[in-house]
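Visitor: Kindly return the folded structure for what I paste below:
(one chain, ligands or ions: 1)
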Amino acid sequence: MPSFNPVTPEIVTQLQTMVGAANTSTAQADLDLHAKDQSQHAAHPAEVVVWPTNAQQVADVLKLANDCRIPVTPWGVGTGLEGNSIPVYGGILMSFERMNQIVEVHADDFQVTVQPGIGHKDLNAQLARYGLFFPPDPGANATVGGMLANNAAGIRTVKYGASKDNVLQMQVALADGRLIKVGARSVKQASGYDLLHLFVGSEGTLGIITEATLKLVPVAQYMSAALAAFDSIEAAVQTVVAVRGSGLDPAALELIDAAHARMLREAEGVDLTDYPTLFMEGAGHLRGNGRDQLPRHHRHRRTQKTVARAPQFV
Ligand SMILES: Cc1cc2nc3c(=O)[nH]c(=O)nc-3n(C[C@H](O)[C@H](O)[C@H](O)COP(=O)(O)OP(=O)(O)OC[C@H]3O[C@@H](n4cnc5c(N)ncnc54)[C@H](O)[C@@H]3O)c2cc1C
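Guide: Presented below is the predicted three-dimensional model:
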């Protein structure tokens, strides 16, 4: 186990000078609030929580922690399912709750630059006025920083890819207090090491993301959703292969097995039968386009009958 130094009252005072007394807390309630994510892993509290409000503060705290050999754990909003935001060695918990702004919308470039603490759902609500959105959707209102650090994916990955496919540039604070830029706003990036994607998915272990420029796509004008139940997982998988092989381009696909369909019905009252169930979403920009991205037999309605063969396609 690595050996670290404790957070002393002197360190807390230095942190207060760096990020402000109102953005530093050793209160038990704040430590408890940041001691556990959504995983089954045991809680472990940090010794102090800080809420930086700009990139330089992040870099300054990292430099202090590095010089004093104190561990730092970044925290988005704690929706991770792997326990990687739990401060298992104590030390400093760095929350990005107060770095949650859009820095600039580059609407003509289909890009947006954001601070790491903005929730992707909040971001998309603000981008709606431009008719654009950031596609990765892990379900929870995860922060952009947490999504990039985890390379979060979700139901739309089938069409738009994971977080790593939707980021162009990041500012990152390194442990020694340097702030660096990785990647570029240019879509064509062919030269040099791909440092951007070294940091994406590194769970905060290589550096802390202080800003990110994300790719955006236009909000589809037409959307439809469908749900189909199958006799077996194999039949559902064959249907997915057939749907994709036919040239249809679903915007979202999610398969749950019979046990999870039952759990959803019993716990949440969702109208499902005890069969493997496929959820699909179609999206497009021409009338009928959204619908035509889905198998005809299942669009616009919930089917509770089992489908043992691949359905006909539009
Ligand atoms: C109901 C539910 C459904 C989910 N579905 C999916 C899914 O379909 N696909 C999927 O991929 N995930 C899914 N997740 C998991 C979770 O939403 C993602 O892992 C998400 O990326 C976590 O984001 P967060 O802001 O909560 O980050 P946190 O959980 O707070 O942190 C995650 C990691 O990122 C690090 N981190 C946070 N901010 C930064 C930063 N600025 N710089 C560097 N590192 C940082 C943390 O230290 C930690 O290692 C789901 C979670 C829930 C609760």
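Visitor: could you list every residue that touches Gln14?
Guide: Listed by C-beta atoms under 8 Å, 6 or more residues apart in numbering, the contact partners of Gln14 are Leu64. Where you see a C-beta, it was placed from the backbone N, CA and C, and this is true even at glycine.
Visitor: if I've got this straight, it is in a strand?
Guide: No - with DSSP: H, G, I helix; E, B strand; the rest coil as the criterion, Gln14 is helix rather than part of a strand.
Visitor: how close does the closest residue to the ligand within the stretch 201-314 of the chain get to Ala173?
Guide: Of the residues in the stretch 201-314 of the chain, the one nearest the ligand is Gly204, at a distance of 3.0 Å by C-beta to the nearest ligand atom. From Gly204 across to Ala173, the span is 10 Å (C-beta to C-beta, to the nearest Å).
Visitor: Name all residues that make contact with the residue nearest to Thr79 when sequence neighbours are not counted.
Guide: Using C-beta to C-beta, 6 or more residues apart in numbering and skipping the chain neighbours, the partner closest in space to Thr79 is Ala140 (3.8 Å). Residues in contact with Ala140 (C-beta under 8 Å, 6+ apart) are Gln38, Val77, Thr79.
Visitor: for Gly117, same thing?
Guide: Listed by C-beta under 8 Å, 6+ apart, the contact partners of Gly117 are Gly76, Val77, Ser95, Phe96, Glu97, Arg98, Met99, Asn100, Thr143, Val144, Gly145.
Visitor: 7 Å instead, please
Guide: The contact partners of Gly117, taken as C-beta atoms under 7 Å, 6 or more residues apart in numbering, are Gly76, Phe96, Glu97, Arg98, Met99, Asn100, Thr143, Gly145.
Visitor: Got the phi and psi for it?
Guide: Main-chain torsions, Gly117, degrees, to the nearest 10: phi -90, psi 0.
Visitor: average pLDDT across the host helix or strand of Glu281?
Guide: Following DSSP states H and E, one finds Glu281 within strand 277-284. Here strand 277-284 scores 91 as its mean pLDDT.
Visitor: Off-centre distance for it?
Guide: 20 Å (C-alpha atoms, centre = their mean, to the nearest Å).
Visitor: Would you tell me which residues of the chain are close to the ligand?
Guide: Along the chain, the residues adjacent to the ligand under the rule C-beta under 6 Å from any ligand atom are 37-38, 73-81, 84-85, 96, 116, 138-140, 142-143, 145-147, 149-150, 152-154, 203-204, 208-209.
Visitor: make it 5 Å
Guide: By the criterion of C-beta under 5 Å from any ligand atom, the positions of the chain lying close to the ligand are 37-38, 74-81, 84-85, 116, 138-140, 142-143, 145-147, 149-150, 152-154, 203-204, 208-209.
Visitor: can you tell me which of those residues are in strands?
Guide: Pro74, Trp75, Ile208, Ile209 (DSSP state E).
Visitor: Ranking by neighbours, what's the top pick from the contacts of Gly117?
Guide: The most crowded member of those, judged by other C-beta atoms under 10 Å, is Thr143 (31 neighbours).
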